[in-house]
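J.: need a 3D model of the following:
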Amino acid sequence: MANNSNSNAIKETKNIQNITKIEDLDFENINLFRGETPTDIKNQCLQLCKDYLSGEWIQQTVDTITITRIMGGLTNQLYYCGINEPNQTSKIPQEVAVKLYGKKSIKNSDNYERLPDVIIDLLVSENELGPKVYAIFEHGQILKYYKHRQFRIAEQSNTKLVDEVFRKLARIHAMDVPIKRTNNRLDLIYESYKFAFEGNFDIKTIFEKNNCQTLLNTDIKSEIQFIRDIIVKANSPTVFNHCDYRSSNLLVTESADKTDGPIVVCDFEYGSYGYRGYDFILLIREWGRKPLDLTVDGFPLKDSQMKSIL
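T.: Numbering: from 1, shown residues only. Coordinates of the predicted model:
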């Protein structure tokens, strides 16, 4: 995992708490940092690398390494950790990404909340689908560091990359993962509705305060039933899903000669069994638009556009 490497100029970025108007809500230029960076992060990362990587890391001090917090990661903190004077002939990785677990926005029902994540991450690492895992510890992982850019609008016109994106998705869907196989996607939708509309959470007041006329004038429960009927009618098979298969999690890596390397899929944190169509929609809804662009213009795509993609 790594920072975006294709910028030739430094972009002006803002922290999300400083956004005051909707026009400034450009997710490509916002620092999405969760929580405070620990004051002793250099010591933490160095000790982890010494304990789990050994080799040249044993001789390093906080003055001989570079630690940088990587943008992104709303439920984890991710740090670049590299040796300032690397040994180019060593078999020990000289730069890595250290992932420290945070709180998940959707918790597993298992007592061992991170156990499914560890199983999934190891499988995708061994199958060369996700980041290579160098080490696993109680509160995080050490991963391979990738120089990359994200799969954005420009990459959507590259037939080689598009082909690889969907072939990788097919391989993910074909994985046999030893976790719960319960497909409860529809139940989650209805549970979310009950929490928002039938519990103590006063969502209608929020709609009124923010003048959300469309939501106020829509029978949400009927809309959910409409969606349920379509999903059942589609008869999409239940497979292992990434559940967050979108541009930000598709890394176009950089090879040694600066050309495009293989695509690495990251952030399998919400991977679970569900309808195969779910991952397709997550990616296709971004086609031809910026990440998290929630406008409806041009969506759904025309059949001709879909055929050119698939």
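
J.: what are the buried residues along stretch 173-189?
T.: By 16 or more other CB atoms under 10 Å, the buried positions in stretch 173-189 come out as 173, 175, 177, 179, 183, 185. From N, CA and C alone the C-beta is placed, and that goes for glycine too.

J.: in which helix or strand does residue 93 reside?
T.: Using DSSP states H and E, residue 93 falls within no helix or strand.

J.: any low-confidence regions in this protein?
T.: Scanning the chain for pLDDT under 70 picks out 1-35, 71-74, 104-112, 294, 300, 305-306, 310.

J.: domain map for it?
T.: Domain assignment for the chain by automatic domain parsing gives 1-145, 185-234.

J.: just the closest of the buried residues of stretch 173-189 to residue 95, please.
T.: In terms of CB to CB, no member of these lies closer to residue 95 than residue 175, at 28.5 Å.

J.: for residue 123, see how far away that closest one is.
T.: The gap separating residue 175 from residue 123 is 6 Å, by CB to CB, to the nearest Å.

J.: since we're on residue 42, how many residues are nearby?
T.: Applying other CB atoms under 10 Å, we find 17 residues neighbouring residue 42.

J.: greatest separation within the buried residues of stretch 173-189: which pair is it?
T.: Using CB to CB, the pair of the buried residues of stretch 173-189 lying farthest apart is 175 and 185, separated by 17.8 Å.

J.: ok, back up a step: out of the buried residues of stretch 173-189, which are inside helices?
T.: Per DSSP state H, helices hold the following members of the buried residues of stretch 173-189: 173, 185.

J.: include distance to residue 218 when you put the buried residues of stretch 173-189 into TSV, please.
T.: Output for those, formatted as TSV (distance: CB to CB, whole Å):
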residue	distance to residue 218
173	33
175	38
177	37
179	35
183	27
185	21
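
J.: which among the buried residues of stretch 173-189 gets closest to residue 256?
T.: Comparing the buried residues of stretch 173-189 against residue 256 with CB to CB places residue 175 closest, at 29.0 Å.

J.: coming back round to it: can you tell which of the domains of the chain is closest to residue 242?
T.: Nearest of the domains of the chain to residue 242, taken as CB to CB: domain 1-145 at 9.1 Å.

J.: can I get the host helix or strand of residue 278 in CSV, CA atoms only?
T.: If you go by DSSP H and E, residue 278 is part of helix 277-284. C-alpha atoms of helix 277-284 as CSV (Å, rounded to 0.1, in the frame of the first residue of the first chain):
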residue,chain,number,x,y,z
GLY,A,277,-23.6,-7.9,-8.5
TYR,A,278,-22.8,-5.8,-5.5
ASP,A,279,-19.1,-5.4,-6.4
PHE,A,280,-20.0,-4.6,-10.0
ILE,A,281,-22.3,-1.7,-9.0
LEU,A,282,-19.7,-0.2,-6.6
LEU,A,283,-17.2,0.1,-9.5
ILE,A,284,-19.6,0.9,-12.4
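
J.: which strands or helices does the next helix-or-strand element following that helix pack on?
T.: Going down the chain from helix 277-284, the next helix or strand is helix 303-309, by DSSP H and E. Under the contact criterion of 3 or more CB pairs under 8 Å, 6 or more residues apart in numbering; DSSP states H and E, helix 303-309 touches no helix or strand at all.

J.: starting at the chain centroid, how far to helix 303-309?
T.: Taking the mean of its C-alpha atoms, helix 303-309 sits 25 Å from the chain's own mean (CA atoms, centre = their mean, to the nearest Å).
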